[in-house]
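**Student:** I need the structure of the sequence given here:
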Amino acid sequence: LYMHPPAHALVLSIDEKSQIQALDRTQPGLPLKPGKCGTMTHDYKRHGTTTLFAALNVLNGAVIGRCMQQHRHQEFIRFLNTIEREVPAGKDIHAIMDNYGTHKHPKVKAWLVRHPRWTFHFTPTSASWLNAVEGFFSILTRRRLRRGVFCGIVDLQAAINRYLKEHNADPKPFVWTKSAAQILDKLARLPASSL
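**Tutor:** All right, here's what the predicted structure looks like:
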């Protein structure tokens, strides 16, 4: 699906980054200077957490994202409805995601039955690296969250939403550096199937 997506379909890599902390450092960090590392205090005030649900379009790199307070099946279904509204009618949707229990909840399965254009594809256990949106989460963490100072959840969510907007202004697709045969060979060496 990543390397040869169907022409009539949209392939999305979907996952959630949960427990993103709104951290406020007790003292401001010092910036990078020639010959000096940037500094950051080890102590902080924690102002709560948020969960980012994200769907990465594997063809163009654009991301549909939404912050929510929790990551239960109810929030996941709301996120699926967000995607459903944004994807043009007539397009099939192939969603690649991990085996998290929320994704297989009975109410999610019932939602899937009511939305026949959707097909879920689950990555094998211990192979979350196959979920391309994980790379997006890594970049988001390095560029916007790790050294950030957030006075509250609203502050944190605003920073995430700004990053999503900036990313989508000039999205770039994830480019696999291994061939499909090399990836499948590595998967064949995994201890057990997740299906």
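
**Student:** from here on, contacts and neighbour counts on C-alpha atoms
**Tutor:** Will do.

**Student:** Not counting the lowest-mean-pLDDT helix or strand in the chain itself, show me its contacts.
**Tutor:** Every helix and strand in the chain was compared by mean pLDDT, DSSP states H and E; the lowest is helix 180-188, with a mean of 81. Residues from elsewhere that reach helix 180-188, judged by C-alpha atoms under 8 Å, 6 or more residues apart in numbering: Met3.

**Student:** Recalculate using a threshold of 6 Å.
**Tutor:** With contact meaning C-alpha atoms under 6 Å, 6 or more residues apart in numbering, helix 180-188 is reached by no other residue.

**Student:** Quickly note the distance from the residue nearest to Asn168 when sequence neighbours are not counted to Ala169.
**Tutor:** Spatial nearest neighbour of Asn168, chain neighbours left out: Ala62 (5.3 Å); criterion: C-alpha to C-alpha, 6 or more residues apart in numbering. With the distance defined as C-alpha to C-alpha, to the nearest Å, Ala62 ends up 9 Å from Ala169.

**Student:** out of those two, which sits in the busier spot?
**Tutor:** Ala62 (20 against 10; other C-alpha atoms under 10 Å).

**Student:** pull the longest strand from this protein.
**Tutor:** If you go by DSSP state E, the chain has its longest strand at strand 9-25.

**Student:** Just after that strand, pick out the following helix or strand.
**Tutor:** strand 44-57 (DSSP states H and E).

**Student:** Which strands or helices does that following strand pack on?
**Tutor:** strand 9-25, strand 63-68 (3 or more C-alpha pairs under 6 Å, 6 or more residues apart in numbering; DSSP states H and E).

**Student:** nearest to Phe150, of those strands?
**Tutor:** strand 9-25 (5.1 Å; C-alpha to C-alpha).
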